[in-house]
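>>> okay, here's the prediction I keep looking at, along with the sequence it came from:
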Protein chains: 2
Amino acid sequence: MQLQTAAHAASFDVASLAMCRGLESQAASHLAAISSTGKKAAGETLFAEGDDADCVYEVVKGTLRVCKLLPDGRLQIMGFPGSGHLLGLAAGGNHAYTAEAVTDVTLCRYPRASVDRLVDKVPSLARRLWTATSDELRFAQQQLVLLGRKTATEKVASFLLLLAEQQKSLDGTVFVSMSRTDIGDYLGLTIETVSRTLSKLKRDGLIALPVPDQVKLLDVERLSELAEGESESEA
Amino acid sequence: MQLQTAAHAASFDVASLAMCRGLESQAASHLAAISSTGKKAAGETLFAEGDDADCVYEVVKGTLRVCKLLPDGRLQIMGFPGSGHLLGLAAGGNHAYTAEAVTDVTLCRYPRASVDRLVDKVPSLARRLWTATSDELRFAQQQLVLLGRKTATEKVASFLLLLAEQQKSLDGTVFVSMSRTDIGDYLGLTIETVSRTLSKLKRDGLIALPVPDQVKLLDVERLSELAEGESESEA
DNA sequence: CGACCGTTTGAGATCCTTCAATACCAGTGG
DNA sequence: CCACTGGTATTGAAGGATCTCAAACGGTCG
């Protein structure tokens, strides 16, 4: 990953990033001063589970995959952070998960030591990072319900709605930048079950699937019911 | 729940609680000043999903159950917070989950508004709460792996080891204060599968099960291998 | 055009669930 | 003291959802 100090040649304004939301301009410029920017190509690894957590990252552009690995190779993806998401917040010395680029990605990097120092001086930054961590926690807890208690159909419906929300899709068209394998590893399913479930939703007229990486949500209301598990017929 | 201001008649020292870990004594006494204590009997509800999150709680004694409900009644338990655990940290205005007492419980309560004010003035408190939230996040992410990718046997083994760790069990005896139903709702399994799996572990000589609510871990090493999914034969 | 890679579809096996019966334990009343 | 009752846990048998293995399909790229 090529890095450069943001102050010199960033193609974006650090102070406008999510990390700085709610901060006084002085604090924001402190952050800008310690930040650097970088890129990763699709498929590259940003950091691996167990690595020294010496930095906090913010995704500026693109999508990452954040996952944990069981010794025998089973994979669980915790999420697909995109623009505005912060990474490495919950790291207690070492990263608790691996982060890889799904698409080409632009990142902003803040050395953890500097962030730590700044946090003690700037209450609004402390609050910002706490809030971001809280949000991530609430999201993870929602995902616990999905993995523990939802059926394959409910899982896939939830996933499609999540994508639509992230992409603020207007006409119901969502782009699926990750592979079926990734979707399966995110939903706790196999690639075949994901594919079959998508086909079923298509047969039932809930979605259209013109190409594998593009889904059109035809009946958002019914999909939402499915996603929340208000199971009736589900024929 | 009977409440009383801690300053008056608490049966414990607020400053010694988890909430205050790492705080200067002045900050700790501020916390003590805004705290109140209470009790809940087993089965009572502390707060429900969607309730106004006007307080942060700390468990002083006993065990809670924290869960989310699907509209059709399916339940996912996120955890069983015990002594020293903080609750309601990730609440963005409303509680994201329901908290109920598994056993009789003693609690310490801090009004959120006061905590919020204090957080901006006391960096060490901000850090304390951020850290607690981070820890909870890391725990939830570990649980995602369990729910998404582990088999019933691996789930139950993980659960037993977690209990042992929480209880700092010396001789391998752990007390199971929650019902089989609760265990199932925590592991994403049915009560029958939990029971069958425990019986299997017993048959295989990995645990003893003198009474339903007490388990003795006979082969922690093998259980750990199981829990981490280094699957070989598993006969 | 043909090889390649990811996706879709099919058939059978497996794990977990569902439904149902039995066992166990504590408390109650005869 | 012991049968009875209710609640929880265990065990059994059958069914179903998802997985595994395998083949077919469909775009992309040389």
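Everything's here; your move. Residues are numbered from 1 along each chain as shown, chains lettered A, B, ... in the order given.
>>> for the rest of this, base every contact and every neighbour count on C-alpha atoms.
Fine.
>>> OK, contacts around A:L187?
A:I77, A:L146, A:L147, A:K155, A:V156, A:F159, B:G148 (Cα atoms under 8 Å, 6 or more residues apart in numbering or on different chains).
>>> what does chain A put close to DNA strand D?
Within reach of DNA strand D by Cα under 7 Å from any atom of the strand, chain A has these residues: A:K150, A:T151, A:A152, A:T153, A:G188, A:L189, A:T190, A:E192, A:T193, A:V211.
>>> in JSON lines: the residues you listed, plus pLDDT.
Formatted as JSON lines, the residues of chain A next to DNA strand D follow (pLDDT from 0 to 100):
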{"residue": "A:K150", "pLDDT": "98"}
{"residue": "A:T151", "pLDDT": "98"}
{"residue": "A:A152", "pLDDT": "98"}
{"residue": "A:T153", "pLDDT": "98"}
{"residue": "A:G188", "pLDDT": "98"}
{"residue": "A:L189", "pLDDT": "98"}
{"residue": "A:T190", "pLDDT": "98"}
{"residue": "A:E192", "pLDDT": "98"}
{"residue": "A:T193", "pLDDT": "98"}
{"residue": "A:V211", "pLDDT": "95"}
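>>> overlap between those and the residues near DNA strand C?
Among those, DNA strand C is touched by A:E192, A:T193 when using Cα under 7 Å from any atom of the strand.
>>> could you tell me which of the contacts of A:L187 belong to strands?
Among the contacts of A:L187, DSSP state E puts A:I77 in strands.
>>> weed out the non-buried ones from the contacts of A:L187.
Among these, those classed as buried by 16 or more other Cα atoms under 10 Å in any protein chain shown are A:I77, A:L146, A:L147, A:K155, A:V156, A:F159, B:G148.
>>> pretty sure the fourth one sits against A:A227.
Yes: assessed by Cα atoms under 8 Å, A:K155 is found in contact with A:A227 at 6.6 Å.
>>> what residue lies at the spatial centre of chain A?
In chain A, the centroid-proximal residue (Cα atoms, centre = their mean) is A:P81; its distance is 1.8 Å.
>>> that residue belongs to a strand?
No: looking at A:P81 with DSSP: H, G, I helix; E, B strand; the rest coil, it is coil, so not inside a strand.
>>> ok, now which ones touch it?
A:V59, A:T63, A:L64, A:R65, A:V66.
>>> same question, A:T63
A:F80, A:P81, A:G82, A:S83, A:A101, A:V102, A:T103, A:D104, A:V105.
>>> what's the answer for A:P212, then?
A:V176.
>>> picking up where we left off before, now for the contacts of A:P81, which pair is the farthest apart?
A:V59 and A:V66 (12.3 Å; Cα to Cα).
>>> coming back round to it: can I get the buried ones among the contacts of A:L187 in CSV with distance to A:Q26 and pLDDT?
Converted to CSV, the buried ones among the contacts of A:L187 look like this (distance: Cα to Cα, whole Å; pLDDT from 0 to 100):
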residue, distance to A:Q26, pLDDT
A:I77, 37, 98
A:L146, 41, 98
A:L147, 43, 98
A:K155, 44, 98
A:V156, 44, 98
A:F159, 39, 98
B:G148, 44, 98
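>>> A:K68 and A:E100, how far apart?
According to Cα to Cα, to the nearest Å, A:K68 stands 11 Å off from A:E100.
>>> follow-up on the earlier one: among the residues of chain A next to DNA strand D, which are located in helices?
A:A152, A:T153, A:E192, A:T193 (DSSP state H).
>>> report the two of these separated the most.
It's A:T153 and A:E192 that sit farthest apart of these, by Cα to Cα, at 12.8 Å.
>>> looking at these two, which one has more neighbours?
The residue with more neighbours, out of A:T153 and A:E192, is A:T153; 21 against 12, by other Cα atoms under 10 Å in any protein chain shown.
>>> can you list the domain ranges for chain A.
The record's domain split for chain A, according to automatic domain parsing, is A:2-129, A:152-227.
>>> buried sites along stretch A:15-29?
A:A15, A:L17, A:A18, A:M19, A:C20, A:L23, A:A27, A:A28, A:S29.
>>> in CSV, list the C-alpha atoms belonging to that stretch.
This file holds the C-alpha atoms of stretch A:15-29, laid out as CSV (Å, rounded to 0.1, in the frame of the first residue of the first chain):
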residue,chain,number,x,y,z
ALA,A,15,-11.6,17.0,7.9
SER,A,16,-14.6,15.9,5.9
LEU,A,17,-14.2,12.2,6.8
ALA,A,18,-16.3,10.2,9.2
MET,A,19,-13.6,10.2,11.8
CYS,A,20,-14.0,13.9,12.2
ARG,A,21,-17.7,14.1,12.3
GLY,A,22,-18.8,16.3,15.2
LEU,A,23,-15.3,17.6,15.9
GLU,A,24,-14.2,21.2,16.4
SER,A,25,-12.1,22.3,13.4
GLN,A,26,-9.1,22.5,15.6
ALA,A,27,-9.4,18.8,16.6
ALA,A,28,-10.1,17.9,13.0
SER,A,29,-6.9,19.5,11.9
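>>> how about A:L137, nearest residue that isn't a chain neighbour?
Spatial nearest neighbour of A:L137, excluding adjacent residues (Cα to Cα, 6 or more residues apart in numbering or on different chains): B:L137 at 5.0 Å.
>>> and the one you found, that's in a helix?
Yes: under three-state DSSP, B:L137 falls within a helix.
>>> close to DNA strand C, is stretch A:137-147?
No: judged by Cα under 7 Å from any atom of the strand, stretch A:137-147 stays clear of DNA strand C, getting no closer than 11.1 Å.
>>> same question for stretch A:93-105.
No: contact of stretch A:93-105 with DNA strand C (Cα under 7 Å from any atom of the strand) is absent, the minimum separation being 12.0 Å.
>>> start and end of that stretch, how far apart?
End to end - Cα to Cα - stretch A:93-105 spans 24 Å.
>>> centre of the chain to it, how far?
Remark: stretch A:93-105 is offset 10 Å from the chain centroid, using Cα atoms, centre = their mean, to the nearest Å.
>>> do the same with stretch A:59-71
The answer for stretch A:59-71 is 7 Å, by Cα atoms, centre = their mean.
>>> repeat for stretch A:28-48
Using Cα atoms, centre = their mean, the offset of stretch A:28-48 from its chain centre is 15 Å.
>>> buried ones in it?
So, applying 16+ other Cα under 10 Å, buried residues of stretch A:28-48: A:28-29, A:31-32, A:34-41, A:44-48.
>>> where does pLDDT dip in chain A?
Where chain A drops to pLDDT under 70, the residues are A:1-11, A:231-235.
>>> get me the contact residues on it for DNA strand C.
A:178-181, A:191-196, A:198-199, A:209, A:212-213.
>>> just the buried members of the residues you listed?
By 16+ other Cα under 10 Å, the residues of chain A next to DNA strand C give A:R180, A:I191, A:V194, A:S195, A:L198 as buried.
>>> what about A:P71, neighbour count?
Neighbour tally, A:P71, other Cα under 10 Å: 12.
>>> next one: A:D204
Residues within reach of A:D204, counting by other Cα under 10 Å, total 12.
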